[in-house]
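Asker: dropping the sequence and predicted coords here.
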Amino acid sequence: EVYIGDNFIGCTTSGTYCPYLGYAVAMALVDVKYSEIDTDVIVIVRGRKVEAKIVALPFYKKRK
């Protein structure tokens with residue numbers, strides 16, 4: 001689940017820890033009203049609240 005304050009705005013569709021980035025990433029479907037880049041959100045991960053931010057895709061570009 002994804003929230004802004006107490007407002008439910010969407011759900012994650014996938015997520016994992018990325019060792020090459022050094023932090024966890026996830027993709028989510030959120031209400032378009034809250035989809036602006038750099039919006040701070042709260043994501044429920046295994047029953048605990050985790051701070052997150054909406055970012056543009058692709059969030060990672062492989063270096064050649």
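Answerer: Done, it's in.
Asker: roughly how far apart are residue 61 and residue 21?
Answerer: 11 Å (C-beta to C-beta, to the nearest Å). Just so you know, the C-beta spots here come from the backbone N, C-alpha and C atoms, and that holds for glycine as well.
Asker: show me which of the two is the more surrounded one.
Answerer: With neighbours defined as other C-beta atoms under 10 Å, residue 61 and residue 21 compare such that residue 21 has more, 10 against 6.
Asker: and residue 47, its phi and psi?
Answerer: With angles defined as degrees, to the nearest 10, residue 47 sits at phi 80, psi 0.
Asker: who touches the longest strand along the chain?
Answerer: The longest strand of the chain (DSSP state E) is strand 7-18. If you take C-beta atoms under 8 Å, 6 or more residues apart in numbering as the criterion, strand 7-18 is touched by 1-3, 23-31, 33-34, 41, 43, 45, 60.
Asker: filter these to the buried ones?
Answerer: Neighbour-count burial (16 or more other C-beta atoms under 10 Å) applied to those gives 2, 3, 28, 30, 41, 43.
Asker: list just the nearest of the residues you listed to residue 53.
Answerer: Nearest to residue 53 among the buried ones among the contacts of strand 7-18: residue 41, at 7.0 Å, using C-beta to C-beta.
Asker: that closest one: what's it in contact with?
Answerer: 2, 3, 4, 9, 30, 34, 51, 52, 53, 54.
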